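Visitor: I would like to see how this sequence folds:
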Amino acid sequence: MKVTPINIRTWARLGQRGAFFGIALPKIAENKSNLKLLTADLALLSGMDRFKNSHPEKFINVGIAEQNMIGIAAGLALDGDCVFATTYSSFIAVRSLEHIRQHLSHMQCNVKIVGTAAGVVAAKSGVSHWATEDLAFMRALPNLTVLSAADGLEAIKMAEYAASNDVPVYIRLSGGTNCPVVYEHDFEFEVGKLVPIRKGGRIAVIATGLMVAESLKAVQILSSDGIECSLYNMNTIKPLDTETLDEIFGDYELIVTVEEHNVIGGMGSAVAEYKAQKRNAPRQVFLGFPDSFTEAGTQRFVWSKAGLTDVQIVERIKEVWENYND
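Guide: The predicted structure follows:
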C-alpha cells in the first residue's frame with residue numbers, strides 16, 4: 001500500500017474500519033486468491049461496499065449470526081482460505097467467545113477476527129454496543145495474537161500483516177470516521193514491538209488505540225507545563241514486548257497506562273502482570289474505565305466519565321507526579 005501524506009489524511013477521514021475494509025482489504029484481495037471476508041450484516045456500516053463490489057466471490061454476509069460466522073470462518077480456513085470475520089467488538093468478542101476459543105485458540109484456524117467499534121464509539125447505543133472488556137477476553141486465549149490500532153495507517157498495516165501470516169489474530173479497531181492521525185509518515189509495522197512516539201522525562205505513558213492520540217495531546221500539554229513524558233504506542237497487546245518493557249522499567253520512575261478499556265484485564269493489566277515479576281520496578285498508574293458501567297452519551301462524554309480526555313489525563317499525571325515527588 002503506497003503511503004503518502006495525502007493518503008494518510010484520507011485514511012484518517014475514513015476512520016480505522018473504513019481504511020481497513022475500504023482500502024486495505026480490496027487491494028490485498030487483488031493478489032490473494034484465497035482471501036475471504038465475512039460479516040454479520042455490517043457491510044454498509046463498516047465500509048465494505050468497495051470490497052463487495054470488486055470481489056463479490058470473496059464476500060459472505062452471514063446475517064446477524066455472530067457465533068455461526070466464526071464456525072463458517074473456521075470451516076473455510078480448514079479448507080485453505082485466509083478468512084477475515086468481522087462485526088462490532090462487543091458482539092464478536094463477547095457473544096462469540098466460546099467459538100473463538102475452540103476454533104481459533106485451540107484449533108488455530110487461520111481466521112482473523114476484526115472487532116470494530118471497540119471501546120465506546122457507539123456511546124449513544126449504550127453498554128450493549130460498547131466493548132470495554134474485549135482485550136481481557138482475547139489476550140487470555142492461547143495462540144491468539146491481539147492487535148490494537150492507533151490510527152487509519154496502523155489499521156492498514158495490521159490488515160497487511162494479518163493477510164500475510166497464517167495465524168489467528170484479533171484486531172481491535174476503535175473510533176468512527178475522522179480518526180486522529182498518530183503516524184504522519186510511513187513506518188515499519190512489527191508485531192510485538194512497542195512504538196516510541198515521543199521520548200523524554202522520567203514518566204513513561206503507554207497507550208493503545210484511540211488513547212494514543214489523546215495521550216499525545218496530554219503529554220504535549222504537560223511539556224508546556226514543564227513536565228516531560230515519553231509516550232509509547234502498544235499496538236500489540238499479545239505477544240507482549242517484554243524487552244522494551246524492561247528498558248522502560250529501568251529508565252523511568254513512573255509508568256502510566258491509558259486505554260479505552262476496563263482497567264481490569266486489559267493492556268494495563270498485561271504490563272502490570274509482567275512488571276510484578278521485577279524487583280524495584282516503578283509505580284504504575286492505570287487509566288481506563290473503572291470496574292463499572294456509566295450512562296450513555298457522546299463518546300467524549302463517556303470518556304470524561306472515565307477520566308480519559310486529554311485534560312483529565314494531564315490532571316491525573318500531575319496529581320500523581322506531585323505526590324510522587326513530595
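
Visitor: Could you use CA atoms for every contact and neighbour count after this?
Guide: OK.

Visitor: count of neighbours near Val3?
Guide: Residues within reach of Val3, counting by other CA atoms under 10 Å, total 12.

Visitor: same check, this time on Arg101
Guide: 19.

Visitor: Would you mind measuring from it to Arg95?
Guide: Remark: distance between Arg101 and Arg95 (CA to CA, to the nearest Å) = 12 Å.

Visitor: Any chance of the backbone angles for the one residue sitting closest to the centre of the chain?
Guide: Centroid-nearest residue in the chain, with CA atoms, centre = their mean: Ser148, separated by 1.9 Å. Main-chain dihedrals, Ser148, degrees, to the nearest 10: phi -140, psi 110.

Visitor: is it true that it touches Val212?
Guide: No: the criterion here is CA atoms under 8 Å, and Ser148 misses it with Val212 at 10.5 Å.

Visitor: hang on, the earlier thing: give the contact list for the residue nearest to the centre of the chain.
Guide: Contact partners of Ser148, counting by CA atoms under 8 Å, 6 or more residues apart in numbering, are 171-173, 208-209, 234-237.

Visitor: Do a quick rundown of the helices in the stretch 51-200 of the chain.
Guide: 66-78, 89-90, 97-100, 134-139, 152-164 (DSSP state H, counting those that start in this stretch).

Visitor: whoops, the stretch 201-326 of the chain was the one
Guide: In the stretch 201-326 of the chain, the helices defined using DSSP H, counting those that start in this stretch lie at 211-224, 242-251, 267-275, 299-306, 310-324.

Visitor: For Ile70, which of these is the nearest?
Guide: Closest to Ile70 of these, according to CA to CA: helix 267-275, at 24.8 Å.

Visitor: Can you give me the buried ones in the closest one?
Guide: Using 16 or more other CA atoms under 10 Å as the test for burial, helix 267-275 gives 267-272, 275.

Visitor: same thing with stretch 284-291?
Guide: Buried residues in stretch 284-291 (16+ other CA under 10 Å): 284-289.

Visitor: Next: stretch 226-233.
Guide: By 16+ other CA under 10 Å, the buried positions in stretch 226-233 come out as 227-233.

Visitor: Ok, stretch 196-208 next?
Guide: Buried residues in stretch 196-208, counted by 16+ other CA under 10 Å: 197-198, 202-208.

Visitor: How about stretch 76-85?
Guide: In terms of neighbour count (16+ other CA under 10 Å), stretch 76-85 has its buried residues at 76-78, 81-85.

Visitor: gap between the two ends of that stretch?
Guide: Taking CA to CA, stretch 76-85 runs 11 Å from one end to the other.

Visitor: Low-confidence bits of the stretch 101-250 of the chain, can you list those?
Guide: The model of the stretch 101-250 of the chain has no residue with pLDDT under 70.

Visitor: Mind doing that once more with 80?
Guide: 123-124 (pLDDT under 80).

Visitor: Strands of that one, residue ranges please.
Guide: Along the stretch 101-250 of the chain, counting by DSSP state E, counting those that start in this stretch, strands occupy 111-118, 145-148, 169-174, 195-198, 203-207, 229-233, 236-238.
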